[in-house]
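Q: Requesting a structural model of the entry that follows:
(2 chains)
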There are 2 protein chains.
Amino acid sequence: MKLATLKCDQANGCPVLVSQDQQRAIRIDHLAPSVLSAIANWREVESELQALYKQLNTAEVESSFAFDPEQAMAPLPRTWQWLDGSLFLSHGELMQLAFNLEPIEGADTIPLIYQGAGDDLRGPRADLEVTTEEHGIDFEGEFAVVVDEVPMGTPADKALDYVRLVMIANDVSLRALAPREMRTGFGFVQAKPSTAFSPVAVTPDELGAAWKDGRVHLDLEIEWNGRWFGNPNGGEMHFGFHELIAHAALTRRLSAGTILGSGTVSTRDRSRGSACISERRAIDIIESGEVKTPFMKFGDRVRMTARLADGDAVFGEIDQQVTQYKVADA
Amino acid sequence: MKLATLKCDQANGCPVLVSQDQQRAIRIDHLAPSVLSAIANWREVESELQALYKQLNTAEVESSFAFDPEQAMAPLPRTWQWLDGSLFLSHGELMQLAFNLEPIEGADTIPLIYQGAGDDLRGPRADLEVTTEEHGIDFEGEFAVVVDEVPMGTPADKALDYVRLVMIANDVSLRALAPREMRTGFGFVQAKPSTAFSPVAVTPDELGAAWKDGRVHLDLEIEWNGRWFGNPNGGEMHFGFHELIAHAALTRRLSAGTILGSGTVSTRDRSRGSACISERRAIDIIESGEVKTPFMKFGDRVRMTARLADGDAVFGEIDQQVTQYKVADA
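A: Here you go, the predicted model:
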């Protein structure tokens, strides 16, 4: 199934089921007032959603309408928890090599993760609002999963049972603010403004063979200002999502609707490019001794998508523009 | 006003208004389905809540009933964002001195803060469930505020306008898991299980002169297994809540219902004790060269309260017991 949330007369949007070809949508308010609520009541609503999805894909359904990704909010415009990993080791290794950083202790045996803010998640076309270019504006292309309630202490080998949906995320990062926050040991707050998500969140079965070992084995295609920037593959993730979930649930339960991200997709094959500028800058230094790639400027655009073997952009596309945010006079 | 959430037939509890003397309560579902929703619609519901509160305090209201703090959940059993500061500098200084840690860069000029998880907040009597004592079970007594939506870029001198409620928090910490997480630079996930809150959240006016300069100028009284452990004063907070809010909102808006914590209350006057065990252990080392105070054991209890000048325990009392959590066979 494919789920989305569309802008509507409700401040937090209206949940819809989207046809497999992403051409049609149908409101599901009568089953769940939000995608978050559908996740929390999955057992009650799944079979009805499945039946509706089958109808939407095979027959003309009267109350369906054309799906417009321009009208999409994040599939979950807000949720109770957003946790983001950094599970592609080549990313960290490049950063360490370029900037002479100490390797992070145990990074290959314990998933690296930070607690993000889920209160204000952005849609695939939402402007990326930043007050100043001095903050070092960067995108981070990631895969992400949405889980049902995960009991405390759930082991990794049971954790994939809780995965309900898969998405693409743009974990927007302000690189000039991150190093100080990392040095405190307390993690990111100012360096991580609102994260954006693909128009469509899909159940794992929609990915077919590309969903394997708790990883999305698809290229994440990144385009910056209309030019190819990278297509690293999600299959290179060092830990699977099941290991990330088990790590996060060791000492507490995760509420239904918790989103977990993979961290910026990264590959050891440099011909495949990068999914964030920061990594490209690290490669600049390693290859030439100096940074050649600037961060994003106002007006810049970033696009992200992932295609199944048949070319289908299964999550739809993120396409965001950086704009200058003006602080209102209070 | 005093607000609380009581266990009821709804999984997430029922919101109530509590009389000033904490003897009576009245359901407010007809005004807001949750305290979170009341915060998000404050302008629409405030005057009706005020009228009802006045009635509850001055007259017998037919639909009111005895308020039982044993039945209280957290005032917000879950919220979109929980951010916790570390704003009492003496706490950090003691930790650094005892454990030979490097001082955190800029700790006296930039508020220290971590992103917590707001998906599963616990009530004042909820068991503190931990799988093993080896995790180094600790309490942290804090003051916390709940804000309305705070626009991105809000300056500190405007930030107190957004504070709607004040509470006490027990920011439960697993000390054995924290150092590794701090060293990653990514902050706490496993080291911070569900935070617990006082039975009652109060509007700032309930604190009278004790709410000043964005600080709660009250002793936070901590009792561990029936013995006094500390009564440090909230007025010693180095940064006010307004500065914490402005810091957190620099690069993103904070959704209505965001909770911000002060960090463990701490004082330079050692005769006033501590609000967490970890700090007591640091003082052990400084005073005698060795740790004398163990962390919490299963069966231990911690109580926290704060009293106005007239002795009124304005937030009610946190009283939690540590119990062993058994991971279910899946």
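
Q: going forward, measure contacts between C-alpha atoms and count neighbours the same way
A: Will do.

Q: how would you label A:A159: helix, strand or coil?
A: Classification of A:A159 by DSSP: H, G, I helix; E, B strand; the rest coil places it in helix.

Q: How about the contacts made by it?
A: Residues in contact with A:A159, defined by Cα atoms under 8 Å, 6 or more residues apart in numbering or on different chains, are A:V150, A:H242, A:E243, A:I245, A:A246.

Q: how about the first one, phi and psi?
A: Backbone torsions for A:V150, taken as degrees, to the nearest 10, come to phi -110, psi 120.

Q: how many neighbours does the residue nearest to it when sequence neighbours are not counted have?
A: Leaving aside its sequence neighbours, A:V150 sits nearest to A:L254 (Cα to Cα, 6 or more residues apart in numbering or on different chains; 5.0 Å). The number of residues packed near A:L254 is 24, by other Cα atoms under 10 Å in any protein chain shown.

Q: follow-up on the earlier one: between which two of the contacts of A:A159 is the distance greatest?
A: A:V150 and A:E243 (12.8 Å; Cα to Cα).

Q: Comparing these two, which shows the higher neighbour count?
A: Comparing A:V150 with A:E243 by other Cα under 10 Å, the one with more neighbours is A:V150, at 24 against 20.

Q: one step back: and which of the contacts of A:A159 is nearest to B:F186?
A: A:I245 (16.5 Å).

Q: Helix or strand: which one has that closest one?
A: Using DSSP states H and E, A:I245 maps to helix A:241-248.

Q: can you give me the offset of that helix from its chain's centre?
A: Remark: helix A:241-248 is offset 16 Å from the chain centroid, using Cα atoms, centre = their mean, to the nearest Å.

Q: Send me that helix as PDB with only the CA atoms.
A: Only the C-alpha atoms of helix A:241-248 are listed here, as PDB (Å, rounded to 0.1, in the frame of the first residue of the first chain):
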ATOM      1  CA  PHE A 241      16.800  -1.100  10.500                       C
ATOM      2  CA  HIS A 242      16.100  -4.000  12.800                       C
ATOM      3  CA  GLU A 243      19.300  -3.400  14.600                       C
ATOM      4  CA  LEU A 244      18.600   0.300  14.800                       C
ATOM      5  CA  ILE A 245      15.100  -0.400  16.200                       C
ATOM      6  CA  ALA A 246      16.500  -2.900  18.800                       C
ATOM      7  CA  HIS A 247      19.100  -0.400  19.900                       C
ATOM      8  CA  ALA A 248      16.600   2.400  20.400                       C
END
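
Q: Average pLDDT for that helix, rounded please.
A: When pLDDT is averaged along helix A:241-248, the result is 98.

Q: Now the element after it, going C-ward?
A: strand A:259-261.

Q: Flag every buried residue along the helix or strand following that next one.
A: Using DSSP H and E, the helix or strand that follows strand A:259-261 towards the C-terminus is helix A:277-288. Within helix A:277-288, the residues scored as buried using 16 or more other Cα atoms under 10 Å in any protein chain shown are A:I277, A:S278, A:E279, A:R280, A:R281, A:A282, A:I283, A:D284, A:I285, A:I286.

Q: who touches the third one in this structure?
A: Read it as A:E279. A:H91, A:L94, A:M95.

Q: what separates it from A:G141, distance-wise?
A: A:E279 is 12 Å from A:G141, where distance means Cα to Cα, to the nearest Å.

Q: what's the answer for the fourth one, then?
A: When Cα to Cα is the yardstick, A:R280 and A:G141 sit 13 Å from each other.

Q: And for the second one?
A: Counting by Cα to Cα, the gap from A:S278 to A:G141 is 12 Å.

Q: again, but for the last one
A: Taken as Cα to Cα, the spacing of A:I286 relative to A:G141 amounts to 22 Å.

Q: can you check the first one too?
A: Summarising the geometry, the distance separating A:I277 from A:G141, computed by Cα to Cα, is 10 Å.

Q: So in terms of bridging, what pairs with A:N170?
A: With DSSP bridges as the criterion, the beta-bridge partners of A:N170 are A:G141, A:A196.

Q: pretty sure it is touching A:L128, no?
A: No: A:N170 is beyond contact range of A:L128, at 10.1 Å (criterion: Cα atoms under 8 Å).

Q: Who has more neighbours out of those two?
A: Set A:N170 next to A:L128 and count neighbours by other Cα under 10 Å: A:N170 wins out with 31 against 24.

Q: May I see the buried residues of the worst-scoring helix or strand of chain A on mean pLDDT?
A: Least confident helix or strand of chain A, by mean pLDDT, DSSP states H and E, is helix A:89-99 with a mean of 92. In terms of neighbour count (16+ other Cα under 10 Å), helix A:89-99 has its buried residues at A:L89, A:S90, A:H91, A:G92, A:E93, A:L94, A:M95, A:A98.

Q: Quick check: chain neighbours aside, which residue is closest to the fifth one?
A: The shortest distance from A:E93 to any residue that is not its chain neighbour, by Cα to Cα, 6+ apart, is 7.6 Å, and that residue is A:P103.

Q: need the contact list for the one you found.
A: A:G92, A:E93, A:Q96.

Q: now, which of these sits nearest chain B?
A: Proximity of those to chain B (Cα to the nearest Cα) peaks at A:G92, which lies at 11.5 Å.

Q: re earlier: just the contacts of A:E279 now: which is nearest B:K326?
A: Out of the contacts of A:E279, the member with the shortest distance to B:K326 (by Cα to Cα) is A:H91, at 37.0 Å.

Q: Run a quick check on the closest one versus A:G263, I expect a contact.
A: No: using Cα under 8 Å, A:H91 makes no contact with A:G263, being 9.2 Å away.

Q: Packing partners of the longest helix anywhere in chain A?
A: Longest helix of chain A, by residue count under DSSP state H: helix A:42-58. The elements that helix A:42-58 packs onto, with contact taken as 3 or more Cα pairs under 8 Å, 6 or more residues apart in numbering or on different chains; DSSP states H and E, are strand A:14-18, strand A:24-27.

Q: Mind doing that once more with 10 Å?
A: Here helix A:42-58 touches strand A:2-6, strand A:14-18, strand A:24-27, helix A:35-40, going by 3 or more Cα pairs under 10 Å, 6 or more residues apart in numbering or on different chains; DSSP states H and E.

Q: and it, which residues are buried?
A: By neighbour count on 16+ other Cα under 10 Å, the buried set for helix A:42-58 is A:W42, A:L49, A:L52, A:Y53, A:L56, A:N57.
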